[in-house]
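Participant: I would like to see how this sequence folds:
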Amino acid sequence: MSTKLLFYKWLFLSLATASLVLGGATGNVVAAGYGLPVGITASPGQVITVLVEGLDAPPAAVSSPSTTWPTTLGGITVTLNAMTETGMTTLAVPLSAVFPFSNCSQLQPSPCGVLTGVTLQIPFEMLGPPPGRLTPPFSGALTISDQSSNAATVTVFQTSDQIHVLRSLDTVLGGQVGGGIPAVTHADGTPVSNTPPAKAGETLVMYAVGLGVTSPPAVTGAPSPASPLSQAPPQTFGIRYDFEPNAASSIGVRSTPAPASAPVPLFVGLTPGYVGLYQVNFSVPTPPSGTPACGSGVNSNLTVTLSGPASFDGAAICVDVSELSLQKNS
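Facilitator: Numbering: from 1, shown residues only. Here you go, the predicted model:
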């Protein structure tokens, strides 16, 4: 698989949803999310950014010095007490970055404080729910500590998948409300936009986090290998195509395995060379007659939704419909 990841050169990822339980000596987890936080639900291998107050952290960003993430970075250490195959276990959590994050906003204007952002990976050893069960049966505790014994703890609800398609304004990419351009690229790694849009029959790549376990199993905190590729179990994820203009993501297949008649991606698995980053390769269907072109209020004319057993998310993109116009006029 030779697809190049050019859309994001610096990988700061975070969690789609979260239910916060605050605690610790003087530290508090105040947020965890791609946008505004509402609670934590995480899958095995999920890469998240947690925002914490009250920690002694470095004044400037510190990133992992290697492609394999360390378990202590910038004086910060994180552990996860969670259900594994051997019972409740305390796991060391690998870290990608520790950085200051201002909590100034329109709702809380200056003066305001600075939080500590910690980008980490939930260990693959954490169990999701048994097959066929959507409700997380287990909950773990994520603890973030500094060298002065300040700590903050947040509950993590263990689930099989918590899909989040990466977007340019995710909090970990510098935004504070989420949203933005979805990470969908052409085969050469350039982003799909209205210039150039996708074409019918073209294979695109959508990048996401939170898709859970793979085969062969991935190593927590380590870049995914190119051979053998770590892939999601067959028929675990379904895909839905909606050619309505400006459509939101909509639920598709959420059974495991997906019905044989359900559309499935060409490939779902971890991207070689990255920690916890998944790619979804799919072929663009032919737009139906009457599909509008992007522009003049049409920001997207195809929404591609990926659905797993417990979650779904998608990307709204532009598809070239000029051939439809030529066919209609011929």
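Participant: need the contact list for the residue most central in space within the chain.
Facilitator: Central residue of the chain (C-alpha atoms, centre = their mean): V209, 2.8 Å from the mean position. Counting by C-beta atoms under 8 Å, 6 or more residues apart in numbering, V209 touches 13, 46-47, 164, 166, 276-278. All C-beta atoms are positioned from the backbone trio N, CA, C, and that covers glycine.
Participant: Distance-wise, check it relative to L270.
Facilitator: Noted for V209: a distance of 10 Å to L270, by C-beta to C-beta, to the nearest Å.
Participant: what is in contact with these two at once?
Facilitator: Joint contacts of V209 and L270 (C-beta under 8 Å, 6+ apart) are 276-278.
Participant: Does E244 touch T303 like I think?
Facilitator: Yes: between E244 and T303 there is a contact under C-beta atoms under 8 Å: 7.2 Å.
Participant: With neighbour numbers in mind, choose between those two.
Facilitator: Between E244 and T303, T303 has the larger neighbour count (other C-beta atoms under 10 Å), namely 21 against 14.
Participant: can I assume N81 is in contact with A92?
Facilitator: No: N81 is not in contact with A92 according to C-beta under 8 Å; the separation is 11.2 Å.
Participant: Show me how far the helix or strand hosting L91 is from its chain's centre.
Facilitator: In this structure, L91 sits in strand 87-92 according to DSSP states H and E. Chain-centre distance of strand 87-92: 23 Å, with C-alpha atoms, centre = their mean, to the nearest Å.
Participant: Quick one: list the elements packing against it.
Facilitator: Contact here means 3 or more C-beta pairs under 8 Å, 6 or more residues apart in numbering; DSSP states H and E; on that basis strand 87-92 packs against strand 76-84.
Participant: what angle sits between the strand it packs on and strand 87-92?
Facilitator: Interaxial angle, strand 76-84 versus strand 87-92 (axes from the mean of the first three to the mean of the last three C-alpha atoms, to 10 degrees): 160 degrees.
Participant: May I have the strands that pair with strand 76-84, each with its orientation?
Facilitator: Taking DSSP bridges as the criterion, strand 76-84 forms sheet pairs with strand 72-73 (antiparallel), strand 87-92 (antiparallel), strand 139-145 (antiparallel).
Participant: The longest one: what's the following helix or strand?
Facilitator: This points to strand 139-145. Following strand 139-145 toward the C-terminus (DSSP H and E): strand 151-158.
Participant: which helices and strands does that following strand pack with?
Facilitator: Counting by 3+ C-beta pairs under 8 Å, 6+ apart, strand 151-158 packs on strand 28-32, strand 41-42, strand 47-53, strand 76-84, strand 139-145.
Participant: centre of the chain versus the helix or strand following that strand, how much separation?
Facilitator: Using DSSP H and E, the helix or strand that follows strand 151-158 towards the C-terminus is strand 164-165. Centroid separation between strand 164-165 and its chain, computed with C-alpha atoms, centre = their mean, is 4 Å.
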